[in-house]
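Q: quick one, fold the following:
(2 chains)
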Amino acid sequence: MADPSKLYRFLLKLYPARFREEYEKPLEIQFRDDYREAPGKGRFWLRTLYDFARTAPVEIARELMHDLRYSVRTYARRPMITALAITALALAIGGTTGVFSVMNAVLLRSLPFREPERIVQLRGFPIGSQGGPTVFHAWLRQSAFLENASLYMASEMNLTAAEHSRIMVAETSANFFSMLGSEPSFGRAFTEDEEVPGKDGIAIISHALWQQAFGGDPHALGSTIRLNGIPLVIVGVARPGFDYPARTSLWTPTVFDSAKIPKTGMRSWVRLGRLKPGLSVAQAAPMYQAEIRHEAEIRNLDPGQWLNRPEATRPRLIPLREQLAGPVIKASLVLMGAVGFVLLIACANVANLLLTRVAERRKELVVRAALGASRARLVQQLMTESVFLTSVAAAAGIMVARWAATLASSVEPSTLTAQQYTVLDGRVLGFAVGIAVLTGIAFGVIPAWLIGRFQPSQDLIRSHQPGTHGPGAGHFRRALIGLQVALTLVLLAGSFTMGGSFLRLLGTDLGFRTKQVITLTVSLAGTRYVTDRQMASYNSQALDRLRAVPGVQSAAATGFLPLEPSAYMDGKFTLDSGASVRGAAMLPVTPDYFRTMGTEIESGREFTATDTHDSEPVAIVNDAFVRAASEGAPLLGRKVTSNWSAKPLTIVGISRTVRYGGPSDNGAPQIYLRYEQSGNSMDFVGRSMTFVARVNGRPENYLAICRDAIQSVDKDVPVFGAKTLDQRLTDNLARPRFYTTAVLFFGGFALLLAVIGIYGVASYSITQRRHEIGVRIAVGASPASVRKLLARQGLMPVLAGVAVGATAAIALGRVIEHFMETAKTANPWAFGSAALLLALIALTAIWIATRSVTRVDPVRILRAE
Amino acid sequence: MSRRTQPLPQDLLPLKPAVFHMLLALGEGERHGYALKREIAKRTNGKLNLGQGQLYGSINKMLDLALIEESDERPDPHLDDERRRYYRITGFGRLVVQAEAARMRALVKIADREFGLPARA
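A: Numbers count the residues shown, from 1 in each chain, chains lettered A, B, ... in the order given. Next comes the predicted model:
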């Protein structure tokens, strides 16, 4: 049998350091005595183990409390340093946790579907709903990799239930719910034969809509609602939290019968598939390619037309999670990178602060060591101190994270309710705790390691001598400063690049003026205005009422409003010379549109009231159109034809290019059509119009009055989207603004931490070297020259950090470029200015820190020796 | 390291049986840990047999509370393992034992009044 004492000594390690140090020997002796006298050895061991289980936790808790009390007292003596350390860590831990809560929601949290990893979006598949259900199901049956597939088309529509509202509607194939594996919570799903005309007048509503419009009344089943004027019978209520796709409130099996419900805007369908069991996305991808080729062949089409598209639209199987996560992921990764840097910097900074403390407390620690405190006990004390600090910071960090998650939901709302960002989630809280403990250990370990190197006997003597450094602490602190400077530089360079890009966005000429313009949208889909003439009459009445509002300078209407995320149509236009322009956006507008929007007509004229439905068709093109046509001769007065227009159009004006999509839009060729003349061929816009009005004074004051004015034409036509154009621009820039602000904030914060660190090291080294400085001045050096020497020495780690940081920043710049749309080019100016700024600020901090040198009195210092 | 402000004897009541017995045993003089354990086992007819951890855990706590202190005096070194530690009761320890005994006496009185006491336990 093994030596029982040995085994017991091993068990003794369960006790905390102080207790072990005090009682290890007596415990061992007593154990030997007890063991010798114990009659049954097995029973004795059981009793001993029980004794351990009972007493070890008590002793650990006691010692922890003791160490904590001691920590609080030590920290309370240095409130400024402590507050700074906690703030730095709280922001860093909170930031990382906040970003993680977003990543957790979109990447890790389970989705409300059966086996969601098998569901893919089939992007770029050449056929959709055109062939009807028969073709669709025939295709599905022969598919080599799909078990099931369904189609949907999502758009906003007018709902008339108890009252009018705009809701998101998905027109789907009948198998939508069964394919996703989410049966309605009550009522029923669509049956297979319900996706054909005559049988598809039914709907499933979301749980939220059921609560909101029917107060959760079970009698909602069987009742009739109107969607864009078309009656539908409710047959089911979806599960709570199910709102796929895009926060949909209502599903109807009309995807193959898309004429049933009149709609505005563009239609584009999405094809979803469920992979056969055991098939991965990677395995299915080549099968998908083969299927596209096959589909193209049976239609005598060139498969390359699809397969060689630009990457953004090339056919691909997109896993459901990726479809839902979309842009959030890239942005989250960039932010995670930024806050990760801040966390590292904060760790370096706090480690530095603690090292100062260790150096200051060296005498105390050396005395304690000399009095018999073991290394383990001192290390335990220091680790408790640092983990305690991070725990407090983590608690504050959770608050920061909650705030960050709220902010993120307002800037980049999750696609589904089930993916809402929250900090109150086991995984997120676990992450925060993990980060806190890891950081605590990360910056606590260096001071603790230095403690391990103390030699009580020698250090006790040395610590009483003036002008001595802590063992190795100086090197460490300089290395930490270098590291911190390098990290800060990378972050600063990144934030400068992003900030610069954002400023460029802000300064971009949009081609229209957003000040003092209000916007309101109406949708005539499903109303009593059906023919072109009826719709035109509604619009002109609405414009008359709008113009009659006191303070309205001018008013107009357009089918597509700039800064509005909806897609617009583009087409091919051929000039009378035979030259053609592809991909020109077709924009139907009314007279006064350019005046109201503040878009300059560079030559020619704007549309007028004399351009009517019956007069010669006219068009206005923008300068990008002119450039794309690359005609030598001027375009004014020329004819242009397209299959969208029955008659050739005469170009009567050239306008400035409008960046429709906002500042980041490059400004594609645009062709403006007179609204009344485009009605017949462009029914896809005819039913939705946005009214714009330029007003005197504060535009916000006009929103309600103008909405009422338009509503007064017909109370059954919903008026929505009442916003100022300025507000729309702000919304358009919300995302880049948020990311830029966040990264700039982190960069600035990192800079602040670096400055504090540099200042701290410089001023500390002066207190340490008072003696040497005194001697230098006594033998004739001027205080100014000593100051220069100290500044030079203080600047060394900073410069080393700048060199390392610049190299890393250039390498990382490429990564950032890859992730951020707004940071197109890795900007050498950003690196240069960040490096210069950092060096200058560091020099200033060091110079200020060394001012005490001028007050050094050599006589007093030398006498003190 | 500074000690917390000294509590009043009443603040520590009721004492855990092990602590009370250890203080009682130390009333007769200084003892080391093992002797304490044996003395307590003898007084309680083996009912209170302290494990090593429990014994030194209690000692640790009593030292913290200043109920006992370590004694520097040793019996004849030939008779003893010098690594053993000896403890003695402090003045404060005595006050706490008295307070605990008084508390028990009050309880005994109440029990006597309400139920009467048997002649022998």
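Q: list the helices and strands the host helix or strand of residue A:273 packs on?
A: Assessed by DSSP states H and E, residue A:273 sits inside strand A:270-275. Applying 3 or more CB pairs under 8 Å, 6 or more residues apart in numbering or on different chains; DSSP states H and E, one finds that strand A:270-275 makes contact with strand A:119-123, strand A:146-160, helix A:176-180. Where C-beta positions appear, they are placed from N, C-alpha and C, glycine not excepted.
Q: residue of chain B nearest chain A, please.
A: Per CB to the nearest CB, residue B:51 is where chain B lies closest to chain A, at 3.0 Å.
Q: chain B is nearest to which of the helices and strands packed on strand A:270-275?
A: With respect to chain B, and counting by CB to the nearest CB, the nearest of the helices and strands packed on strand A:270-275 is strand A:119-123 at 57.7 Å.
Q: only C-alpha atoms, please: export the helix or strand following that closest one in PDB.
A: Where DSSP H and E defines the elements, the next helix or strand beyond strand A:119-123 is helix A:132-142. Extracted as PDB, the C-alpha positions of helix A:132-142 are listed here (Å, rounded to 0.1, in the frame of the first residue of the first chain):
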ATOM      1  CA  GLY A 132     -47.000  27.200 -62.100                       C
ATOM      2  CA  PRO A 133     -47.100  24.500 -59.400                       C
ATOM      3  CA  THR A 134     -47.000  21.600 -61.900                       C
ATOM      4  CA  VAL A 135     -43.600  22.500 -63.400                       C
ATOM      5  CA  PHE A 136     -42.300  23.400 -59.900                       C
ATOM      6  CA  HIS A 137     -43.300  20.100 -58.400                       C
ATOM      7  CA  ALA A 138     -42.000  18.100 -61.400                       C
ATOM      8  CA  TRP A 139     -38.700  19.800 -61.000                       C
ATOM      9  CA  LEU A 140     -38.600  19.000 -57.300                       C
ATOM     10  CA  ARG A 141     -39.400  15.300 -57.900                       C
ATOM     11  CA  GLN A 142     -36.400  14.900 -60.200                       C
END
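Q: just want the residue of the stretch 51-200 of chain A that's nearest chain B.
A: Here the residue of the stretch 51-200 of chain A nearest chain B is residue A:51; by CB to the nearest CB that distance is 3.0 Å.
Q: so that residue sits against residue B:51, correct?
A: Yes: distance between residue A:51 and residue B:51: 3.0 Å, which falls inside the contact criterion (CB atoms under 8 Å).
Q: low pLDDT regions in the stretch 551-700 of chain A?
A: Within the stretch 551-700 of chain A, the segments meeting pLDDT under 70 span A:565-570, A:644, A:678-687.
Q: please, which helix or strand holds the spatially most central residue of chain B?
A: For chain B, the residue lying nearest the average C-alpha position, counting by CA atoms, centre = their mean, turns out to be residue B:23 (2.0 Å). For residue B:23, the element it lies in under DSSP H and E is helix B:17-26.
Q: mind listing what whatever helix or strand comes next after that helix pairs with, with the direction of each?
A: Note on helix B:17-26: by DSSP H and E, the next helix or strand toward the C-terminus is strand B:31-32. Each strand pairing with strand B:31-32, determined using DSSP bridges, is listed with its direction: strand B:86-89 (antiparallel).
Q: and the strand it pairs with, how far from the chain's centre?
A: Per CA atoms, centre = their mean, to the nearest Å, the displacement of strand B:86-89 from the mean C-alpha position of its chain is 10 Å.
Q: other SSEs contacting the helix or strand immediately after it in the chain?
A: Note on strand B:86-89: by DSSP H and E, the next helix or strand toward the C-terminus is helix B:91-115. Contacts defined by 3+ CB pairs under 8 Å, 6+ apart place helix B:91-115 against helix B:17-26.
Q: hmm, 10 Å instead?
A: Judged by 3 or more CB pairs under 10 Å, 6 or more residues apart in numbering or on different chains; DSSP states H and E, helix B:91-115 is in contact with helix B:17-26, strand B:68-71, strand B:86-89.
Q: tell me the mean pLDDT over that helix?
A: The average pLDDT for helix B:91-115 rounds to 94.
Q: follow-up on the earlier one: so can I have TSV of the helices and strands packed on strand A:270-275 showing distance to residue A:414 and mean pLDDT?
A: Output for the helices and strands packed on strand A:270-275, formatted as TSV (distance: least, CB to CB, whole Å; pLDDT from 0 to 100):
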stretch	distance to residue A:414	mean pLDDT
strand A:119-123	17	82
strand A:146-160	16	82
helix A:176-180	18	84
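Q: now stretch B:7-14: buried residues?
A: By neighbour count, with 16 or more other CB atoms under 10 Å in any protein chain shown as the criterion, the buried positions of stretch B:7-14 are B:9, B:12.
Q: now do it: distance to the chain's middle.
A: Remark: stretch B:7-14 is offset 14 Å from the chain centroid, using CA atoms, centre = their mean.
Q: for stretch B:112-121, same thing?
A: Shown here is stretch B:112-121, whose average C-alpha point lies 27 Å from the average C-alpha point of the whole chain (CA atoms, centre = their mean).
Q: before we move on, what about stretch A:780-799?
A: Averaging C-alpha coordinates over stretch A:780-799 and over its chain gives two centres that are 45 Å apart (CA atoms, centre = their mean).
Q: what mean pLDDT does that stretch have?
A: Averaging pLDDT along stretch A:780-799 yields 85.
Q: could you do stretch A:47-62 as well?
A: This predicted structure assigns stretch A:47-62 an average pLDDT of 91.
Q: tell me the buried residues in that stretch?
A: Applying a neighbour-count criterion of 16+ other CB under 10 Å, one finds A:47-48, A:51-52, A:55-56, A:58-59, A:62 buried in stretch A:47-62.
Q: returning to what we had before: so what strands line up beside the strand holding residue A:273?
A: Each strand paired with strand A:270-275, and its direction, by DSSP bridges: strand A:119-123 (antiparallel), strand A:146-160 (antiparallel).
Q: residues contacting the shortest one, please?
A: In this case it means strand A:119-123. Strand A:119-123 is contacted from outside by A:111, A:113, A:143, A:145-146, A:148-151, A:179-181, A:244-245, A:270-275, A:281, A:284-285, A:288, A:291-292, A:309, A:312-324, using CB atoms under 10 Å, 6 or more residues apart in numbering or on different chains.
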